[in-house]
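In: Have a look at this prediction, sequence included:
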Amino acid sequence: MDKTKLTPAMRQFIEVKEKYPDHIVFFRMGDFYEMFFDDAIKASSILGIALTKRNSKGGTNEAPMCGVPYHAYESYASKLLKAGEKVVIVEQVEDPKKAKGVVKRDVVAVLTPATSHLGVDSDYKKNYLVSIYATEKKSAMVVGDPTTGELSIFRFSGKNSADKLFEQLSLFQPKEIVSPFGIVETGYLSKKLGYSPSLNEYDESFFNEREGEEKIKELFNVSTVAGFGLKGKRECLKAIDGYLNYLEENYRTENIPVKSINLKEVSDYLIVDSTTGKNLELFETVFERRRRGSFFWAIDRTKTPQGKRKLSDFIMFPLKSVEGIEARLNFVEWLIESGKIDDIDSLLSYVGDIERIFSKVVLNSVKPQELNILKQSFAVTPHLIKLLENSPFKSVSGEISNLEDIYLLIDKTIAEEPPSVKGMNVIKNGVNPELDSLREIVSDVKSSLRRLEQQEREKTGIQNLKVKYNKVFGYYIEISKANLKNGVPEGYERKQTLVNAERFITKELKEFEEKVLTAEERIVELELEIYQQLLDRLKEYRREIFETAESIAILDVLLSFAKLAVERDYRKPEITEKSVLYIEQGRHPVVEVFENENFVPNDTNLTEEKRIAIITGPNMGGKSTYLRQNALIVLLAQMGSFVPARKAVIGIADRLFSRVGAGDNLTGGQSTFMVEMIETANILNNATENSLIILDEIGRGTATFDGLSLAWAITEFLAKKGQKAPRTFFATHYHELTDIDKLFSNVVNFNVVVKEWNNELLFLRKVVPGAADKSYGIQVAKLAGLPKEVIKRAFEVLENIEKNEFSLDGKPKIARKEAFEMKERPLFMWEEHPVLEELKSINPDTLTPLEALEILYKLKKLL
């Protein structure tokens, strides 16, 4: 494109677009942000706004264009970010009235899905940005939420370190990924994650070990990174440098909101991979993909946004340390026994999103109303500290700081109900004497104008003379033409002529206007100065504020556990290093919410000797619910929560595996059965004696005998490990599989009880020892409403197969006799064979041995 032929403003747009080719440019033009060319076509489609055209070359050439009001741009930018787009805000950086030629414009903000607060989907979801650095044997992944300041580092080593990294990556569902060129393929990402996050690739120099180390020292004012566990960990420091460089590039500042750095060893946590998380519906239901009905939804009783996000952390990273789990359980128990649940709950209802608001403070982008939310949040800290005296809270969290000083600082500075725009009436009276004086001048404008108007009427004798104001001409005196017959009053300077009137200015009016406008400009300047000074003061409390936000989040989650325990009669589990699982009267934490008193609790007992439970029974009998409830009870316990059971002894699990349900991965080119086998292979290759496995209907995606063979071999593979076999629950319809307990003493059979009466079923949903004798599939099909004819015929076919009745062609007698047809008639069918006719004519009692031998030869020839 020849820029010399463009209008000056369009040249500015193109220059910005060349620097940000992958971004949609919001270009300020008067009261609108406008988009042009391909940006306009794309944005208008996503935003659902009109696509028009604008003259771009000073002639007849027109460029596609769309626009949004500048005061409402945030809602439009947010929609683009949530669609995966990036946005650049180009602002007018000088007053158009004072501009000589084209108005100066500059980039004032770069918004991306992961880095901008406008890209946040909800309070409880995190806005993950991930930075990856991988080598053949060592890999590192920095996972952060720039909108909260959270930052964690994961290290992986060994030949398959990159595979481990991507397995962990799928847990976070990041909005954006930063990596060196060539490490990640977009196609691989979409296959692995199920969607395509924004991939930002950079040269190797973007990931510098030494610069990463220096940035950490500067951010946290420390002399070494050893305190973060990062000394000598090159891949981690490189990934951190890439992460921070990306933020600096987009935030256009080195003052990055990072509250802490946590080096997380995967081995410290119960690993719940993305497949298991999906199967257990931890955050959303499988089919509707809704929050309602998920595990998170069922257990969430948190009050604050940071509490909800922390609950997500607890679910994603359950503890493996007995000491750490018991510390949480003991605090939950203290909350219940102390009687302080309601008091703390009431205080937390006043706490806003401290993390995200303070991150905006660090970036100087916080709104005045948000500061008042911080003020309200900080007001409760002294009361929380008082309520938590003599509690074991310090064993599970850092301290909650008394932030009353910050409360007072904001309270004395910011108006109670400030406008959303900084600069006018945000700062309280009494903060700054000059500001108070200027406000008096501006507030006295109306009375001053009335005095001036009356003065001019008396001086000129024109009683209907009026002093007015508009944005174009400022202040002026308006006189009707009828009153100007005697000429223009002395000292009046004509400014505008109308049909029936003339408009004038005077020296005194000019001075008044200058005084008022100067006062208004100075008010804006002073308010912005005072506002920035306040933000700078708040940043001095950065550590205390972020630590308090973190501690309040943990308190909120553990209080949620206590409320849940009281509300739903959860009990404190016993945690042990032994690889056992004993649950008395266990319940499914989600299903019981919907079924309430109708839910049937069940027992579980996997010991160090009995490792594998095979569960048989009809569809709809409750097998899948039973499998999942055991997994979720273990998960809850290792999160530090009481559990839905009368009693529970939970042996620490290192990994939780789940292979349930069936679904094609069409985008990955994988069938239902292939997905099932890949997930099963992952379980068999990675499970340890401390893992917990739930398998539901393995092998049903292929032919019956193939499926049975695989199910048997899989169970046998696990059972052969003896007492080192992982704790396993295997629900199946293959009744032959129940015989495996005769071969392996570590296998035990259970079945879901059902009563049958006149081919009708009553599901008791009770799990008892022993194998089921039937699957009751036809009865379930009847309940589903299949036609009576189909059900009747299914029972006939089942009877044929169960009695081993065979048709004349040697196959099970499934087809009706009247429908039976054969293209070729086999031996002995309907017409008699010549050999039969010959045999019938023979009397063996009259034959000599020689005659019998001759007949035998003859019969052989007839065959």
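Out: Now that the structure is in, tell me what you want to look at. Numbers count the residues shown, from 1 in each chain.
In: Could you list the low-confidence segments of the stretch 551-700 of the chain?
Out: Across the stretch 551-700 of the chain, the ranges flagged by pLDDT under 70 are 597, 661-671.
In: all strands in it, in order from the N-terminus.
Out: In the stretch 551-700 of the chain, the strands defined using DSSP state E, counting those that start in this stretch lie at 574-576, 581-586, 602-606, 612-616, 647-651, 655-659, 692-696.
In: Report pLDDT for the residue nearest in space to the middle of the chain.
Out: Nearest to the mean C-alpha position of the chain, by Cα atoms, centre = their mean, lies residue 125 at 4.7 Å. Listed pLDDT for residue 125 reads 85.
In: Tell me how far it lies from residue 114.
Out: 12 Å (Cβ to Cβ, to the nearest Å). Bear in mind the C-beta positions are built from the backbone N, C-alpha and C, glycine included.
In: Please apply the same query to residue 129.
Out: Distance of residue 129 to residue 114, computed by Cβ to Cβ: 4 Å.
In: who touches both of the two?
Out: Common neighbours of residue 129 and residue 114, counting by Cβ atoms under 8 Å, 6 or more residues apart in numbering, are 146, 174, 175, 176.
In: want to throw those into CSV with distance to residue 432?
Out: Listed next are these as CSV, based on distance: Cβ to Cβ, whole Å:
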residue, distance to residue 432
146, 34
174, 45
175, 41
176, 42
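In: Neighbour-wise, give me the winner out of those residues.
Out: residue 146 (28 neighbours; other Cβ atoms under 10 Å).
In: In contact with the spatially closest residue to it that is not a sequence neighbour, which residues?
Out: Counting by Cβ to Cβ, 6 or more residues apart in numbering, the nearest residue to residue 146 once its immediate chain neighbours are dropped is residue 115, at 4.7 Å. By Cβ under 8 Å, 6+ apart, residue 115 lies in contact with 127, 129, 146, 147, 176, 246, 247, 250, 251.
In: What of residue 396?
Out: 327, 328, 331, 554, 558, 640.
In: and it, how far is that from residue 553?
Out: Distance of residue 396 to residue 553, given as Cβ to Cβ: 12 Å.
In: now residue 477
Out: 62 Å.
In: Of the shared contacts of residue 129 and residue 114, which is the nearest to residue 716?
Out: Taking Cβ to Cβ as the measure, residue 174 is the one of those closest to residue 716, at 39.9 Å.
In: ok, the closest one touching residue 128?
Out: Yes: under the criterion of Cβ atoms under 8 Å, residue 174 makes contact with residue 128 at 4.0 Å.
In: Overlap in contacts, these two.
Out: Common neighbours of residue 174 and residue 128 (criterion: Cβ under 8 Å, 6+ apart): 114, 143.
In: Which residues belonging to the top helix by length along the chain are considered buried?
Out: Counting by DSSP state H, the longest helix found in the chain is helix 507-539. By 16 or more other Cβ atoms under 10 Å, the buried positions in helix 507-539 come out as 509, 512, 516, 519-520, 522-523, 526-527, 530-531, 534-535, 538.
In: Same question for stretch 333-351.
Out: Within stretch 333-351, the residues that count as buried by 16+ other Cβ under 10 Å are 333, 334, 335, 336, 340, 344, 345, 347, 348, 351.
In: repeat for stretch 18-36
Out: Along stretch 18-36, these residues count as buried under the neighbour rule (16+ other Cβ under 10 Å): 23, 24, 25, 26, 27, 28, 29, 32, 33, 34, 35, 36.
In: Same check on stretch 62-71?
Out: Buried residues in stretch 62-71 (16+ other Cβ under 10 Å): 63, 64, 65, 66, 67, 68, 70.
In: can you pull the contacts of residue 202?
Out: Residues near residue 202 by Cβ under 8 Å, 6+ apart: 178, 179, 180, 181, 242, 245.
In: farthest pair in those residues?
Out: Farthest pair in these, by Cβ to Cβ: 181 and 245, 14.6 Å.
In: more neighbours, those two?
Out: Taking other Cβ under 10 Å, residue 181 and residue 245 do not tie; residue 245 has more neighbours (20 against 10).
In: Residue 212 versus that one, what's the distance?
Out: 9 Å.
In: same deal with residue 289?
Out: 37 Å.
In: Residue 842 now?
Out: In this view, residue 842 and residue 212 are 102 Å apart by Cβ to Cβ.
In: quick one, which of the two is more surrounded?
Out: residue 212 (26 against 13).
In: Surely the more buried one touches residue 241?
Out: Yes: between residue 212 and residue 241 a contact is recorded at 3.2 Å, counting by Cβ under 8 Å.
In: So residue 600 sits against residue 622, correct?
Out: Yes: counting by Cβ under 8 Å, residue 622 is a contact partner of residue 600 at 7.2 Å.
In: Mutual contacts of the two, please.
Out: Listed as contacting both residue 600 and residue 622 by Cβ under 8 Å, 6+ apart are residue 765.
In: and the two? which has more neighbours close in?
Out: Neighbour count, other Cβ under 10 Å: between residue 600 and residue 622, residue 622 has more, with 26 against 18.
In: Next one: that one from residue 286, what distance?
Out: From residue 622 to residue 286 the distance is 18 Å (Cβ to Cβ).
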